[in-house]
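K.L.:
what shape does this take:
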Amino acid sequence: MYQPKKYKKDDAEFIFKFIQQHPFANFIINGDRLLATHIPVLTHGTAKDFILFAHIANHNEQFKHLEDGKEALLIFQGAHGYVSSSWYKEKDISTWDYSAVHVNVKLKIQSREELEESLQELVATFEKPQKNPLYYKDLPKEMRENHLPHITGFWCEVENIQAIAKLHQGFDKDDIESVTSHLEKRQNNLSSTLSENIKREHKCK
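P.N.:
Coordinates of the predicted model:
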C-alpha cells in the first residue's frame, strides 16, 4: 500500500473498528494467476490481538489453492469519492479521498466444527439488526448439513497491517467546509459517509 505519512493510520483501535465496520473484503491469493473474491470477513479477539475468519464456496476457483500457511491479502475499503479542485478557494489538483486497510495473512483451514461456529457468528452478526432475525440454527438441520460440504472455512492469521485515511489533511477550514458541503449535495450514501469521515478527521462540529 502507498502510504504518505500524513494519511497513514497506525492506531490499533482505528484499524480494528474499521475492519468491523467494513467487513465485505477483497480476498486475494496467488493461484495459477492472482485470484480475488469478495467475501464477508469477521474478527476474533481484540484490537491488539485478533484473528480473522471467512469461508468460500468449493466451486470457487480459489478453493484448490487453499491450504495451511497459504499467503493471502485482505483489503477492506471505506467510503471514497472524487473531489473536484473547483471546490477550493484557489486552483489546485483534483483528487480522490478514501480510506482502506490491507491485511496480509496466512491461512489455516477450519475444521467442520469451527466452520459451523463461524457460520453461526457470521449470521448472528448480520441478523441481529433485522426486525425478525433468522439465525443459523433456525434453519432446517437438513439444509445446514447439505450446505456444509460445499464450503470451506479458514482462519486468517495476521502477518502485517497497513491502513490509510486520505481525508484532506493539510487543507484549511474553508476548503474542508466546501468539500464536505459539495459531497453532501451529491445525495448518495457513499459521498455522505465520506463527508462525515472528513469532518471527523478534522474534528468539525
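
K.L.:
from here on, just use CA atoms for contacts and neighbour counts.
P.N.:
Noted.

K.L.:
using the three-state scheme, assign the residue positioned nearest the centre of the chain.
P.N.:
Closest residue to the average C-alpha location of the chain: residue 76 at 2.6 Å, with CA atoms, centre = their mean. On the three-state scheme (DSSP: H, G, I helix; E, B strand; the rest coil), residue 76 is labelled strand.

K.L.:
so what sits opposite it in the bridge?
P.N.:
residue 101 (DSSP bridges).

K.L.:
do you know how far it is from residue 190?
P.N.:
Distance, residue 76 to residue 190, by CA to CA, to the nearest Å: 15 Å.

K.L.:
which non-adjacent residue is nearest residue 24?
P.N.:
Closest residue to residue 24 apart from its sequence neighbours, by CA to CA, 6 or more residues apart in numbering: residue 40 at 4.2 Å.

K.L.:
any idea how far that neighbour lies from residue 69?
P.N.:
Residue 40 sits 21 Å away from residue 69, going by CA to CA.

K.L.:
those two - which one has more neighbours?
P.N.:
residue 40 (17 against 13; other CA atoms under 10 Å).

K.L.:
the more buried one touches residue 27, doesn't it?
P.N.:
No. Using CA atoms under 8 Å, residue 40 makes no contact with residue 27, being 9.3 Å away.

K.L.:
residue boundaries of the helices in the chain?
P.N.:
Secondary structure of the chain by DSSP state H: the helices cover 12-21, 112-127, 141-147, 173-185, 189-201.

K.L.:
just put these in TSV and tack on distance to residue 87, mean neighbour count and mean pLDDT.
P.N.:
Below are those laid out as TSV (distance: least, CA to CA, whole Å; neighbours: other CA atoms under 10 Å; pLDDT from 0 to 100):
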stretch	distance to residue 87	mean neighbour count	mean pLDDT
helix 12-21	28	16	98
helix 112-127	38	15	97
helix 141-147	52	10	96
helix 173-185	6	17	96
helix 189-201	14	18	97
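
K.L.:
of all those helices, which one is nearest residue 80?
P.N.:
With CA to CA as the criterion, residue 80 lies closest to helix 189-201 of the helices of the chain, at 5.9 Å.
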